[in-house]
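1. A structural model of the following input is requested.
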Amino acid sequence: MTLLEIIRKNKFATATGATVATHTEKTAPNAAKVASVAVASCEDEKNDQFKIEMILAWLYKIGEAEEDHHLVLVKCKADPEALEYFYRHANGEYDE
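-> Predicted coordinates:
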């Protein structure tokens, strides 16, 4: 039953005004912000690709079977911690 129908039937109806929620104006990000994010993302991807190439070279160096290289590389692409772990090995940080 609508408010108008209630009023027409002489029944009591109470109406309260709606509370206006705080409205924040949404603005599109400016070009500088978008560009800086894109550049940072691109640099991160280049850095990650460099690390993966170093890890691949290290896998060859230590004589890891080529058919198993993909296991390490896929893990590195999916897990940033694994990427850092294997990259440190490739840099000789764990060598004695």
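2. low-confidence ranges, the chain, go.
-> 1-40, 95-96 (pLDDT under 70).
3. all helices of it, in order?
-> 3-8, 31-61, 66-78, 80-90 (DSSP state H).
4. tell me the most buried of those helices?
-> For the helices of the chain, average neighbour numbers computed from mean count of other Cβ atoms under 10 Å are highest in helix 80-90, which has a mean of 16. Every C-beta, even on glycine, is put in place using the N, C-alpha and C of the backbone.
5. let me know the angle separating that one from helix 66-78.
-> Comparing the axes of helix 80-90 and helix 66-78 via axes from the mean of the first three to the mean of the last three Cα atoms, to 10 degrees yields an angle of 130 degrees.
6. how about the nearest residue to H89 once chain neighbours are set aside, what does it touch?
-> In this structure, H89 finds its nearest non-sequential neighbour in W58, 6.3 Å apart by Cβ to Cβ, 6 or more residues apart in numbering. Taking Cβ atoms under 8 Å, 6 or more residues apart in numbering as the contact definition, W58 lies against F86, H89, A90.
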